[in-house]
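Undergrad: kindly generate the corresponding structure for this input.
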Amino acid sequence: MEEVLGLVFQFVFEVLIQALGGTAIDLVAGCFRNSDDEGCAWFLIHLALGAATGGLSLLIAPTVFLPTPGLRVANLVVAPLAAGFLATLVAGAAKFSGAASSHFWRGFAYALAFGVIRFAYCGR
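TA: Purely as a prediction, here's the structure:
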């Protein structure tokens, strides 16, 4: 029972790190955006920042939090979705301009890049 609880805690922790990071980046970027007419520039910036912070996280925590491959793959699906929905909720609460879908995709991009870097390069 303790092992299952540990796995659930590790999974939730990994998802929260990525979701909160993506939301924070979208929140900070929202202060610098005047409109959502920039095309895909902010999306690419979120991808790059996600990959960079994923790489930096390897310096802090070079081993995997999630020991099983199934949980690591599930993290690649759940964390970007959670980050996108959280970014949408925060943007709505902060009254940022633009469509909710643009905030979703920026949070999604950050968490996906973060997760892919950790998935690919994290030591086992």
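Undergrad: let me know the distance separating the spatially most central residue of the chain from residue 78.
TA: Centroid-nearest residue in the chain, with Cα atoms, centre = their mean: residue 111, separated by 2.1 Å. The spacing between residue 111 and residue 78, counted by Cβ to Cβ, to the nearest Å, is 9 Å. (Glycine included, C-beta is placed from N, CA and C.)
Undergrad: also residue 86?
TA: 12 Å.
Undergrad: more neighbours: which of these two?
TA: Shown here are residue 86 and residue 78; by other Cβ atoms under 10 Å, residue 86 has more neighbours (22 against 19).
Undergrad: mind telling me what element the more buried one is part of?
TA: helix 69-93 (DSSP states H and E).
Undergrad: report all helices and strands that that helix contacts.
TA: In this structure, helix 69-93 makes packing contacts with helix 2-32, helix 100-121, judged by 3 or more Cβ pairs under 8 Å, 6 or more residues apart in numbering; DSSP states H and E.
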